[in-house]
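K.L.:
Give me a 3D structure for the following:
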Amino acid sequence: MVPTEELAESGRNARWHKRLLTIVPGVVLIALLAYGFLMEADERGPQALPDFSLPVVGGGTLTNEDLAGTPVVLNFWASWCGPCRVEAPALEAASERYSGEGVRFIGVVVQDSELGAQEFIDEFDVSYTNVLDDGEELSRELFDFFGLPRTFFVRADGTLLAESAGRRMGSRGGTEILGPITEGELDRRIRALLAEDA
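P.N.:
Presented below is the predicted three-dimensional model:
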């Protein structure tokens with residue numbers, strides 16, 4: 001007859017082996033997927049700004065080709081977004097500060113009306129170009145999850161250098177509300193953008 005202690009130990013060992021058989025393949029699968037994603041990103045190289053053609057608030061059209069050869073700060077916002085309102089003065093000040101260095105600022109209005117966008121632009125004396133992304137064609141191409149505000153820093157060759165998205169503060173419908181970009185981060189990212197294009 002097998003002693004009770006040996007039976008208990010045998011049961012524990014069997015449970016431990018069963019757990020290992022469940023955990024190890026999962027860890028291996030995650031490692032392989034991560035390696036595959038890293039390899040794919042390396043093979044693709046830097047992500048390019050997608051092709052787009054969007055209406056400008058107040059009239060006209062802007063395309064990605066219009067931005068070729070220029071470093072760009074691309075800010076996604078909506079008039080109902082609290083953090084977008086907080087960061088608006090810093091973005092306007094930075095656009096004035098860096099316009100002499102060839103940096104273009106483009107606002108991309110999402111989940112908003114043209115009237116709401118125009119009221120926001122007037123309220124904050126926004127002088128740079130703003131476009132309407134009604135169908136969210138550009139934002140869906142760039143975002144890994146839908147959240148506002150978001151700011152992208154685009155090299156003169158049309159590839160993305162960096163993205164800034166604050167911590168999640170809540171949500172509205174299916175949209176995450178993110179913290180505003182700080183003036184310090186904005187300056188740091190723009191200096192890096194200019195250094196890349198020097």
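
K.L.:
Run a quick neighbour tally on F120.
P.N.:
23 (other C-beta atoms under 10 Å). For every residue, glycine as well, the C-beta is placed using N, CA and C.

K.L.:
What is the distance between the helix or strand hosting it and the centre of its chain?
P.N.:
Here F120 sits within helix 114-123, counting by DSSP states H and E. Offset of helix 114-123 from its chain centre (C-alpha atoms, centre = their mean, to the nearest Å): 23 Å.

K.L.:
cool, stretch 48-56 as well?
P.N.:
With C-alpha atoms, centre = their mean, you get 16 Å for stretch 48-56.

K.L.:
got the end-to-end distance for it?
P.N.:
22 Å (C-alpha to C-alpha, to the nearest Å).

K.L.:
what's the domain layout of this protein?
P.N.:
The chain resolves into domains spanning 1-45, 53-196 when parsed by automatic domain parsing.

K.L.:
Check those for me and report the most buried one.
P.N.:
Counting by mean count of other C-beta atoms under 10 Å, domain 53-196 has the highest mean neighbour count of the domains of the chain, with a mean of 17.

K.L.:
In contact with the closest residue in space to V57 that isn't next to it in sequence: list those residues for me.
P.N.:
The shortest distance from V57 to any non-neighbouring residue, by C-beta to C-beta, 6 or more residues apart in numbering, is to N130 (4.5 Å). Going by C-beta atoms under 8 Å, 6 or more residues apart in numbering, N130 touches 56-57, 106-109, 117, 121.

K.L.:
Beta-bridge partners for N130, please?
P.N.:
Counting by DSSP bridges, N130 is bridged to G107.

K.L.:
ok, back up a step: may I see the contacts of N130 organised as JSON lines, with distance to L186 and pLDDT added?
P.N.:
Listed next are the contacts of N130 as JSON lines, based on distance: C-beta to C-beta, whole Å; pLDDT from 0 to 100:
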{"residue": "V56", "distance to L186": "23", "pLDDT": "98"}
{"residue": "V57", "distance to L186": "22", "pLDDT": "97"}
{"residue": "I106", "distance to L186": "14", "pLDDT": "98"}
{"residue": "G107", "distance to L186": "14", "pLDDT": "98"}
{"residue": "V108", "distance to L186": "16", "pLDDT": "98"}
{"residue": "V109", "distance to L186": "19", "pLDDT": "98"}
{"residue": "A117", "distance to L186": "21", "pLDDT": "97"}
{"residue": "I121", "distance to L186": "19", "pLDDT": "98"}
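
K.L.:
Pick the one among these closest to E136.
P.N.:
Nearest to E136 out of the contacts of N130 is V108 (C-beta to C-beta; 9.7 Å).

K.L.:
And that closest one, how far from G100?
P.N.:
As judged by C-beta to C-beta, to the nearest Å, V108 and G100 stand 23 Å apart.
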